[in-house]
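> Test case, fold it:
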Amino acid sequence: MTQLSLRTDEELVALYASGENSAFDILLARYKDKLYSYILYLVHNSDVADDLFQDTFVRAIMTIRQGKYTESGKFYPWLTRIAHNLIIDQFRQEKNENAISNDEVDSDLFNNARFSDKSIEQQIIDQQTLCDLSRLMEHLPETQKEMVHLRYYKNLSFKEIADMQGVSINTALGRMHYAIINMRRMAKENNISLTIG
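You can find the predicted model right below:
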């Protein structure tokens, strides 16, 4: 671990991509305070900041694991760009939740397919995906299973989960990180798609 901490960001990303999970722990420790402060400064809400911080690292983990990370020499700016995009999405979502009017758009909002109920086929696919997800969860270690359940089925923030379990947000982040890795591995081995439409 000490030797790893001397590596550059790019070396750590490459190590993590090749399966060295502790390399990501070093990256997390290196940038967590700086990134969290950046997010909190923009959103002015610690619960929202906690969730966006977590989601930023989950997005980074998935991108690196899928071999799509290409920002050579610019890991922290890449992280802040992910965070920035998530913050913009958050602001848009809040704005949309607060006001929706048929008078503000040219087309008829209430006849728009984006706002209609999902088709029966899509509902069946989503239901099957949730069943597959539930089956995969059963094979996770207890701490990871509980983390996924509280986050995605109970919609608790990472701060709420950390407080409930008496652990730090970093520990909660780590558990989710490993749960995602394990579930993606199991899904790949069993040829299961985890995309919900």
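
> For the protein, which element, helix or strand, carries the lowest mean pLDDT?
Across the helices and strands of the chain, mean pLDDT, DSSP states H and E gives its lowest value to helix 120-137, namely a mean of 68.

> which helices and strands does the next helix or strand after that one pack with?
Later in the chain than helix 120-137, the nearest helix or strand by DSSP states H and E is helix 142-148. With contacts taken as 3 or more CB pairs under 8 Å, 6 or more residues apart in numbering; DSSP states H and E, helix 142-148 sits against helix 169-189. (Each C-beta comes from the backbone N, C-alpha and C, glycine too.)

> Give the other helices and strands that the helix it packs on contacts.
Applying 3+ CB pairs under 8 Å, 6+ apart, we find helix 169-189 packed against helix 21-43, helix 46-65, helix 120-137, helix 142-148, helix 158-165.

> now the ones you listed as TSV including distance to residue 74?
Listed next are these as TSV, based on distance: least, CB to CB, whole Å:
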stretch	distance to residue 74
helix 21-43	12
helix 46-65	13
helix 120-137	34
helix 142-148	30
helix 158-165	26
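
> how about those, which one is nearest residue 183?
Closest of the helices and strands packed on helix 169-189 to residue 183 is helix 120-137, at 4.9 Å (criterion: CB to CB).

> So this protein: which segments form each domain?
1-98, 120-197 (automatic domain parsing).

> can I assume residue 161 is in contact with residue 147?
Yes: between residue 161 and residue 147 there is a contact at 6.6 Å, judged by CB atoms under 8 Å.

> who touches both of the two?
Taking CB atoms under 8 Å, 6 or more residues apart in numbering as the criterion, residue 161 and residue 147 both touch residue 172.

> who's more crowded, the two?
Each of residue 161 and residue 147 has its neighbours counted (other CB atoms under 10 Å); residue 147 has more, 29 against 23.

> Enumerate every residue touching that one.
Per CB under 8 Å, 6+ apart, neighbours of residue 147: 161, 172, 175, 176, 179.

> got a winner among these for most neighbours?
residue 172 (26 neighbours).

> among the domains of the chain, where is the model least confident on average?
Here the lowest mean pLDDT among these goes to domain 120-197, at a mean of 76.

> Please save the CA atoms from stretch 171-180 in CSV.
The C-alpha coordinates for stretch 171-180 follow below in CSV (Å, rounded to 0.1, in the frame of the first residue of the first chain):
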residue,chain,number,x,y,z
THR,A,171,-16.3,2.8,4.4
ALA,A,172,-19.8,3.1,2.9
LEU,A,173,-18.3,4.2,-0.4
GLY,A,174,-15.9,1.2,-0.3
ARG,A,175,-18.6,-1.3,0.3
MET,A,176,-20.7,0.0,-2.6
HIS,A,177,-17.6,0.0,-4.8
TYR,A,178,-16.9,-3.6,-4.1
ALA,A,179,-20.6,-4.6,-4.4
ILE,A,180,-20.7,-3.1,-7.9
